[in-house]
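Trainee: What follows is a predicted protein model with its sequence.
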Amino acid sequence: MVSVSGIRGLVNDSFSEELIRVWSRAFGFFCLANIKISPTDYSIVIGRDTRQSGTWAEKIIAEELLKFNIQPIFLGIVPTPTVELAVTHHHANGGIIITASHNPIEWNGLKFLGSDGVFLNANEIEILKQLLLNKKPELSSKQQVSTLQDTEAIARHIEKILSTLPINVEIIRAKKFKVVLDPVNGAGALAVPLLLEKLGCEIITVHGEPTGIFGHNPEPRPENLTDLSNKVKEIGAVIGFAVDPDADRLALIDETGVAISEEYTLAIAVLSAMRNFSNSNTILKNNIVVNLSTSRMIDDVAKLFNAKVIRSAVGEINVVKSMRENKAYIGGEGNGGVIFPSCHEGRDSLVGIAMILDLLANKKEKLSEIVDSLPKYNMTKDKFPRPENFDVEKLKLIMEKDFPDTVFSTIDGLRMDTDNGWTHIRPSNTEPIIRIITEAKTENDYQSLFSTAKKALEQLK
């Protein structure tokens, strides 16, 4: 899989030594062609999640970068957002994150960052593809650089969160919240407890060793979080936090042990941030940017603060691009990805955790009560085999027969909006599948939208 989410494949199959070498080489060419710093100082930051193939990939990447006289800066096992911040901290030419994010354990991948610490966009990925055919670089005649180890990246990340987020750290600390964390034995096992300690929490972990042997399906969806739910209920915690292997996505468990849809993560974080924004004198545009697959709960929260919601194509870089264009205060994706650009321009589970704890501390409500205060929707996310010829315009014509007076968007697959709900049909950026996301307030409206979308997709085969 190659997309704005990077490249992913099966270890020792499609994710091979040769694939790692050619893509690392192409990225080296790319970075040298896009120098925005001193031409005598070349470096690329490298971080990884806990997958056991990560050290193998890290070594191969470093070998290729050194051929360009580019200094690899190793962060070791860190969350994806930690790498993003480290790129700008080191004024590096770019960054490489070795992770397959929420994909199963047999996968691994590479994510590429520009010198601004943000993922490459679709055009830049196309340039990388073209550079794959470049010849192997000649060894530089200049003095060769050596590798550099950075062991402080996570600490800097946490300090940046505490210093830039609109939260009251002292009020959170005073609550001494009892929380349970499930980092699925991924990179969050090292970073998230440090943040929670800074916020004065009592921490209990499940699947909390950074072994890379995932204790369950690594996608932080309710059906995968049974152990976390049980532990929250067992010890009487106020909340449970689950993150994916590279810790850019966040899911929640309420104080009764109920696993909450990851769509609530962004909605509650936005509620927290906008509440503080509305009480501040900060001069910022009141805009919120989310992707096309994100719940209408965001629109409901935005109305509370007279804010405007703008929707982008799915993919972190697409959300970030729109956030920049619209000077958004906050944004993200409904898969549990919170982006607060004053901290940095990337999805960050640690940012979400801090914002949600601040809301719990200040509203003096339980998480279940906050969830109950939000409008309820019926929403499902399904996946289907991708047709060989996925034709968006043909799909739109089929859908229009059943919903002639509907608003359609084709900026990313096909999204269809009605007064009562919406459905989004799009090719995945991370798996060879088609995703259908449908949301409506009533079961009848949901069933009508979903069945029409499914039938239309079947007609494309």
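Mentor: Done, it's in. A quick note: this is a predicted structure, and the numbers were derived from the prediction, not measured.
Trainee: ok, what's across the strand from Lys178?
Mentor: Counting by DSSP bridges, Lys178 forms beta bridges with Glu202.
Trainee: Check it and give its pLDDT.
Mentor: At Lys178, the model reports a pLDDT of 98.
Trainee: I'd say it and Glu234 touch.
Mentor: No - counting by C-beta atoms under 8 Å, Lys178 stays clear of Glu234, with 11.4 Å between them. Where C-beta positions appear, they are placed from N, C-alpha and C, glycine not excepted.
Trainee: In terms of neighbours, single out the busier of these two.
Mentor: Lys178 (16 against 11; other C-beta atoms under 10 Å).
Trainee: Grab the nearest non-local neighbour of Ser5.
Mentor: Nearest residue to Ser5 in three dimensions, chain neighbours excluded: Asn429, at 4.4 Å (C-beta to C-beta, 6 or more residues apart in numbering).
Trainee: just to confirm, which helix or strand has that neighbour in it?
Mentor: Under the criterion DSSP states H and E, no helix or strand holds Asn429.
Trainee: Cross-check the contact I'm expecting between Ile204 and Gly236.
Mentor: No - if you go by C-beta under 8 Å, Ile204 and Gly236 don't touch, sitting 10.6 Å apart.
Trainee: Overlap in contacts, these two.
Mentor: In terms of C-beta atoms under 8 Å, 6 or more residues apart in numbering, Ile204 and Gly236 are both contacted by the residues Lys178.
Trainee: ok, these two, which is more surrounded?
Mentor: Ile204 (16 against 9).
Trainee: any idea how far Ile44 is from the more buried one?
Mentor: Per C-beta to C-beta, to the nearest Å, Ile204 is found 37 Å from Ile44.
Trainee: Could you do Met1 as well?
Mentor: As defined by C-beta to C-beta, Met1 lies at a distance of 22 Å from Ile44.
Trainee: who has more neighbours, those two?
Mentor: Ile44 (26 against 18).
Trainee: May I see the buried residues of stretch 393-407?
Mentor: Buried residues in stretch 393-407, counting neighbours by 16 or more other C-beta atoms under 10 Å, are found at 395-396, 398-399, 403, 406.
Trainee: cool, stretch 94-108 as well?
Mentor: Buried, per 16+ other C-beta under 10 Å, within stretch 94-108: 94-103, 105, 107-108.
Trainee: start to end distance for it?
Mentor: Using C-alpha to C-alpha, to the nearest Å, one end of stretch 94-108 lies 20 Å from the other.
Trainee: Sketch out the low-pLDDT regions of this structure for me.
Mentor: The chain contains residues with pLDDT under 70 at 35-40, 135-143, 277-285, 461.
Trainee: Show me how it divides into domains.
Mentor: What automatic domain parsing lists as the domains of the chain is 2-151, 154-286+310-321+339-374, 378-458.
Trainee: Put together JSON lines for the ones you listed, with distance to Asp299 on each row.
Mentor: Shown next, in JSON lines, are the domains of the chain (distance: least, C-beta to C-beta, whole Å):
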{"stretch": "domain 2-151", "distance to Asp299": "25"}
{"stretch": "domain 154-286+310-321+339-374", "distance to Asp299": "10"}
{"stretch": "domain 378-458", "distance to Asp299": "11"}
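Trainee: Out of those domains, which is the most enclosed?
Mentor: domain 154-286+310-321+339-374 (a mean of 21; mean count of other C-beta atoms under 10 Å).
Trainee: so how far is the first residue of that domain from its last?
Mentor: Note: domain 154-286+310-321+339-374 ends 34 Å apart using C-alpha to C-alpha.
Trainee: Stretch 157-173 too?
Mentor: Termini of stretch 157-173 sit 19 Å apart (C-alpha to C-alpha).
Trainee: what does that stretch contact?
Mentor: With C-beta under 8 Å, 6+ apart, stretch 157-173 has contacts from 78-79, 81-82, 85, 191, 194-195, 198-200, 272-273, 276-277, 280, 340, 342-344, 348, 350-351, 354-355, 357-358, 361-362.
Trainee: Show me how far that stretch is from its chain's centre.
Mentor: 21 Å (C-alpha atoms, centre = their mean, to the nearest Å).
Trainee: Mind checking which of the contacts of stretch 157-173 are in helices?
Mentor: Using DSSP state H, the members of those that fall in helices are 81-82, 85, 191, 194-195, 198, 272-273, 276-277, 350-351, 354-355, 357-358, 361-362.
Trainee: how close does Asp382 sit to Asp419?
Mentor: Asp382 is 23 Å from Asp419, by C-beta to C-beta.
Trainee: So Val320 sits against Phe119, correct?
Mentor: Yes - assessed by C-beta under 8 Å, Val320 is found in contact with Phe119 at 7.5 Å.
Trainee: Mutual contacts of these two, please.
Mentor: What both Val320 and Phe119 touch, as defined by C-beta under 8 Å, 6+ apart, is the set Gly346.
Trainee: The closest residue to Asp391 other than its chain neighbours: how many residues sit nearby?
Mentor: Once flanking residues are discounted, Asp391 sits nearest to Leu460: 6.4 Å by C-beta to C-beta, 6+ apart. Leu460: 17 surrounding residues under other C-beta under 10 Å.
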